[in-house]
Every structure is written in structure tokens, then in C-alpha cells.
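Peer 1: generate coordinates for the sequence data below:
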Amino acid sequence: MNILHIALASAFTEGMTYQENFLIEQNLIDGHNVTIITDCHKFVNGKMVICEEEYSKMRNGATLIRLPYDRIINSFVSGKVRKSSKLKNIIELIRPDVILFHGLASWELYTVADYKQKNPSIKLYADSHADYYTSATNWLSKYLLHGFFYRKIIKDCLFYIDKIFYISVNCRVVLKDLYKVPEKRMEFLPLGGIILDNNIKEKNNKLIRRKLNLTNDDIFLVHAGKLDKNKKTIQLLNEFSKVKSDKLKLGVIGSVSEDIKETFYNCIKSDQRITYLGWKSSDEITNYLNACDIYIQPGKVSALAANAICAGAAVILNDVPDYKPFVINNGWLIKETAEIIKILECIKDDREKIQRMKVQSIAIAKKYLDYNLISQRLYF
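Peer 2: Prediction:
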């Protein structure tokens, strides 16, 4: 089949650990022709940059097309409307059997709905990544942009969409409350990950632990993502440093935001057990997650939590509804960062408990989060 991913507000970047990357890889493994059409933004060393219009083949064989937004008033408004006049002709040239439109909030939903109307045999799916953590954070955004403009687009196109997926519990709330999508039209499609072969995992584990001079007794924790106030990175570093055990080691991965940079580096310098590993590619992050015992993310919801569970790590995560289905005897959900101290005190000498949790993470991943299974829902 020809599978077309359209992600006009994703800053799609080859080699990242986002949903589009994983789904494209799995679609290719499943034997399909895959194209992604995205915007003219991408990440370079953890920072989003503007890039040129593009038509190319990625290393994995998928086709990458970057399209600019039509200019509407200014770049800010253009980035909210997300209209690209070139999309229509490109879709007609590709002749997809399946379209997955990533992010309902776009003018170009009209274009794919029109294509579905003219080609009713194709499958048109759309997903929503909008949640109240990062979207509709002020009156204008909530009631004018999301509650009126995007809602009108979605209402007009809803009839032609076969399924609307939400990637988290909070995204479901936005679909229901702001966009007024009926419950019966929604399905849960969680952010997942790739479960590697045990031999590959063991090889990665040995390489990383040797690189970091970790012993078999050391308990290796990883904290990763965009390191800012929302991730509660500074609170995590402070709580970790209060637990005095040479067995506990923490690796921190990601780009550091300016608002915490000075404090962040002071925390790193003050505790030799903490290593800042810098920004890493998708494959490198996967290697570190495979090598870690516990993935710790006390702040904002992150797709890396699902990646970590698929890698077989125990988890310490923020106690929010989005995580509850995936933390069952494989870690801890915490309301306050102070709880980290008690958890680390309890497990610093209990590797067997951690190992049981790691086994449970793999079981949960195989049941809910494996993109090998998730991708099958796009084919029927």
C-alpha cells in the first residue's frame, strides 16, 4: 500500500524518537511505500530551525517532502493556520491508500477531506496531539484559535475521517471539550516504541555501562528530553543528590533551556554521580534507555516514557492520567518530587525488585506500546 503521513506542525526530523518516526519505520518494515509531508522546520542539535522546501529520500527509503506555509498576514499567523496550497497536487500524485493526518489543528484538513470525498475507498485517519499542558494556554488560544477556528475545521471535515486517534488521556479531553468530537468517533492510539531483540539490548547495555564505568551493582537512572522548568529537571537533580549512595548513578540527556542553564550546571558539578550526556540522536537515546535500570521523569508528559518502557526500564513518572495505564507494578507515579528520595532510599540496595519491574515493563510494552501492533490499526 501507499501510506501517506501528513504532519504540517511537527518539525519532522529524521532520526528522532517521535511517533511519526516510529510509524514510518514500522510501515516500511511491514512492506509498504511510505511518504511523509511536513513543514519547513526541523531539529538540529536539539534546537528547532527553519529549513528549505525539500523533496528527498530518507536513509530508510521513505520519501520526505517539506512544504512551506502559505503566507497569511505574517509568519506567526501562518504557523497557526497551517495552510499549504501545494499539498493538494502532491496528494493526487502520490495516490495514497492510507492517509494519517498528524494533528487535526490545520487548515489542510479540508484538503485531505476533499480527497477522501473524491476517493472514498481510501482510509483517512487523523490524530490529535493537543493537550492542556501545551495548547490553549491563554484565552485567545483556547476560545478563538482552538475553540472556534480549529473546531470549525474539524466539524466541517469530521464526516470524511474514518478514525480520530488521541495519543493521551489529556488529548482526549481536548478533543471532547474544545473540538466537540463525539466519543464514538475517537480511539486511543498511545505513543509507543520499538521492542528490540534481547541480544541487541544486551549488547547496547554492555557498551553503555562500560562507557560510563558502571559496575553490575550500580543502579543507572536516565532523565531525558528538553530540559526545562516543565520537566522539573532541577528539582530532580536536587532530590537525587540528597540520597547518599555510590550505587546510584544518573545520566541526563537533552538540550538545556536558558532559564535553568546556570543552576543546571551547578547541580551537575556538585554531584559526581550525575553525568550530563548532552543532546543525543534517536538511536543513541534508545541505547541509553536499554542500558538504564530506571527512567525518571517527574515533570511534563513525555513520549520518552513509552520508549523507556519498551526498552524494559522501570519508571518514576509524574502522577497524571496519561501515564496510569502503563505504570502497573513496573514503577512509581509521584505527585511531588520529594517522593523521589523515599523511592531511591528503598531501592538503592534492592536490585531484584528493580529487575522484576523491568520484566513487567516489557510485558506492558508488548501488550500496549509496541509499534509493530499499533501500526496494524492503520491498515484496516
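Peer 1: leaving out chain neighbours, which residue sits closest to the residue nearest in space to the middle of the chain?
Peer 2: The C-alpha lying nearest the average C-alpha coordinate of the chain belongs to A303 (C-alpha atoms, centre = their mean; 3.3 Å). Nearest residue to A303, sequence neighbours excluded (C-beta to C-beta, 6 or more residues apart in numbering): L191, at 4.5 Å. Where C-beta positions appear, they are placed from N, C-alpha and C, glycine not excepted.
Peer 1: wait, what's in contact with that neighbour?
Peer 2: Q19, I167, S168, A303, A306, L369 (C-beta atoms under 8 Å, 6 or more residues apart in numbering).
Peer 1: the residues you listed: which two are farthest apart?
Peer 2: Farthest-apart pair in the contacts of L191 is S168 and L369; separation 12.6 Å (C-beta to C-beta).
Peer 1: identify the contacts common to those two.
Peer 2: In contact with both S168 and L369: P190, L191, using C-beta under 8 Å, 6+ apart.
Peer 1: just give me the closest of the contacts of L191 to S121.
Peer 2: Closest to S121, out of all of those and judged by C-beta to C-beta, is Q19, at 25.8 Å.
Peer 1: quick one: residues in contact with the host helix or strand of L344.
Peer 2: For L344, the host element (DSSP states H and E) is helix 339-347. When contacts are defined by C-beta under 8 Å, 6+ apart, helix 339-347 is touched by residues 219, 236, 239-240, 242-243, 245, 248, 294, 296, 298, 316, 332, 334, 353-354.
Peer 1: if I look at T17, how far off is L214?
Peer 2: 23 Å (C-beta to C-beta, to the nearest Å).
Peer 1: I'd say I234 and I268 touch.
Peer 2: No: taking C-beta atoms under 8 Å as the definition, I234 is not a contact partner of I268, at 10.8 Å.
Peer 1: the more surrounded of those two?
Peer 2: I234 (19 against 16; other C-beta atoms under 10 Å).
Peer 1: what ranges does the stretch 151-300 of the chain have for its helices?
Peer 2: 151-157, 169-177, 198-211, 233-241, 261-270, 282-291 (DSSP state H, counting those that start in this stretch).
Peer 1: the last one vs helix 198-211, what angle?
Peer 2: When you say that, I think you mean helix 282-291. Orientation of helix 282-291 against helix 198-211 (axes from the mean of the first three to the mean of the last three C-alpha atoms, to 10 degrees) gives an angle of 90 degrees.
Peer 1: I'd like the distance between K116 and I154.
Peer 2: From K116 to I154 the distance is 14 Å (C-beta to C-beta).
Peer 1: those two - which one has more neighbours?
Peer 2: I154 (24 against 19).
Peer 1: which residues lie in contact with the more buried one in this structure?
Peer 2: L104, L109, Y179, K180, V181.
Peer 1: pLDDT score for it?
Peer 2: I154 is assigned 97 on the pLDDT scale.
Peer 1: again with the one 3 residues further on
Peer 2: As predicted, C157 sits at a pLDDT of 98.
Peer 1: my guess is it contacts A113. True?
Peer 2: Yes: with contact defined as C-beta under 8 Å, C157 counts as touching A113 (3.8 Å).
Peer 1: related to what we said a few turns ago, T17 and L214: which has the busier surroundings?
Peer 2: Shown here are T17 and L214; by other C-beta under 10 Å, T17 has more neighbours (24 against 19).
Peer 1: kindly export stretch 269-282 (C-alpha atoms) in PDB.
Peer 2: The C-alpha trace of stretch 269-282 is given here as PDB (Å, rounded to 0.1, in the frame of the first residue of the first chain):
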ATOM      1  CA  LYS A 269      29.200  19.900  39.200                       C
ATOM      2  CA  SER A 270      28.100  19.300  42.800                       C
ATOM      3  CA  ASP A 271      27.500  15.600  42.500                       C
ATOM      4  CA  GLN A 272      30.000  13.300  40.700                       C
ATOM      5  CA  ARG A 273      27.300  10.600  40.400                       C
ATOM      6  CA  ILE A 274      25.500  12.800  37.900                       C
ATOM      7  CA  THR A 275      26.700  12.800  34.200                       C
ATOM      8  CA  TYR A 276      25.400  15.300  31.700                       C
ATOM      9  CA  LEU A 277      25.500  13.400  28.400                       C
ATOM     10  CA  GLY A 278      24.400  16.300  26.100                       C
ATOM     11  CA  TRP A 279      22.000  16.100  23.200                       C
ATOM     12  CA  LYS A 280      21.700  12.600  21.600                       C
ATOM     13  CA  SER A 281      20.200  11.200  18.500                       C
ATOM     14  CA  SER A 282      17.200   8.800  18.400                       C
END
